[in-house]
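1. Take this sequence and fold it.
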Amino acid sequence: MRLKKREYGIIGLVLLLFIGIAWAVDESVTVSSTAVGLTAAKYGSNRHAMVCVEGNAIRFTLDGITTPTSGSTGVGIKLEINQCLIVDLNDHVKNFKAIRNSATDATIRATYW
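-> Model prediction:
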C-alpha cells in the first residue's frame, strides 16, 4: 500500500501539532531596565525551565542574592538573542533574575517541566 501526497501531509500536520503541544511556551516575560524573575504561579513546583531570549540580549543571575545589571560591564551572565538556557534546579528557577543588556527591551519565553 502506498500513501498519497495528501496523506503524507496530514501525517506531517499531526506530528507538528503534537510537537507544538509538547513544547508550548508556558510564559512570556518582557525584560526591561528593572530586574525581573519568572512567575511563581506559572512554574509552580516544576524543577526545570527552558528560557529562550528574543529581541535583545539579557544578563541573568541564579543565586537569589546578586541582582543583574546591564551594559558591557554589567553583573550577571549574558545571553544573546536566540540563545536558550536550561535551568535544572527548582531553587534556580525561583531565583532567576534577568535584565536587558542595552537600551532595548528583550523578551524571554519560558517552558517548565
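
2. is the closest residue to residue 83 other than its chain neighbours in a bridge, and if so with what?
-> Nearest residue to residue 83, sequence neighbours excluded (C-beta to C-beta, 6 or more residues apart in numbering): residue 53, at 5.6 Å. To be clear about C-beta, it is placed using only N, CA and C from the backbone, and glycine gets the same treatment. With DSSP bridges applied, residue 53 shows beta-bridge pairing to residue 108.

3. Contacts only, for the nearest residue to residue 67 once chain neighbours are set aside.
-> With sequence-adjacent residues excluded and distances taken as C-beta to C-beta, 6+ apart, residue 67 is closest to residue 35, at 5.2 Å. Counting by C-beta atoms under 8 Å, 6 or more residues apart in numbering, residue 35 touches 67, 68, 97, 98, 99.

4. Make sure the second one is actually in contact with residue 61.
-> Yes. Checked against C-beta atoms under 8 Å, the pair residue 68 and residue 61 is within contact range at 4.9 Å.

5. which residues do these two both contact?
-> With C-beta under 8 Å, 6+ apart, residue 68 and residue 61 have common neighbours 75, 76, 97.

6. Please convert the buried members of those into ChimeraX selection syntax.
-> This is how ChimeraX selects the buried members of the shared contacts of residue 68 and residue 61, with burial counted by 16 or more other C-beta atoms under 10 Å:
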select :76,97
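
7. Relative to residue 107, how far out is residue 70?
-> 15 Å (C-beta to C-beta, to the nearest Å).

8. When those two are compared, which one has more neighbours?
-> With neighbours defined as other C-beta atoms under 10 Å, residue 70 and residue 107 compare such that residue 70 has more, 22 against 16.

9. Using the three-state scheme, assign that one.
-> Three-state call for residue 70 (DSSP: H, G, I helix; E, B strand; the rest coil): coil.
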